[in-house]
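Trainee: I'll drop the sequence and a predicted model, then ask my questions.
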Amino acid sequence: MTIDPINDEILRIKRELAAQFGNDLEKIVADIKSRERNTITLPARKYDPQSVAPTTRQPKLVSSDVSAPTVP
């Protein structure tokens, strides 16, 4: 079995939060809902194509022949 540090950290945080609320699911859900009410929603930013730097990469051409693999 492989060790996944990201998964281990998520499980550790989950266990700490569960212990903080005495493993009471109703208290955990109430806390999550109270945090949702305290979030800020920012207005969407408009896309300005002039402000985006032009790309220097050329698009790859795709072969219509799917039987032979292409080598870059």
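Mentor: Happy to help now that I have it. Numbering: from 1, shown residues only.
Trainee: What is the least confident helix or strand in this protein?
Mentor: helix 25-37 (a mean of 88; mean pLDDT, DSSP states H and E).
Trainee: angle of the longest helix along the chain against helix 25-37?
Mentor: Determined from DSSP state H, the single longest helix within the chain is helix 5-20. If you take axes from the mean of the first three to the mean of the last three CA atoms, to 10 degrees, helix 5-20 sits at 110 degrees to helix 25-37.
Trainee: Could you tell me how many residues sit around residue 31?
Mentor: Residues within reach of residue 31, counting by other CB atoms under 10 Å, total 13. Just so you know, the C-beta spots here come from the backbone N, C-alpha and C atoms, and that holds for glycine as well.
Trainee: Leaving out the residues flanking it, which one is nearest to it?
Mentor: The shortest distance from residue 31 to any non-neighbouring residue, by CB to CB, 6 or more residues apart in numbering, is to residue 21 (6.7 Å).
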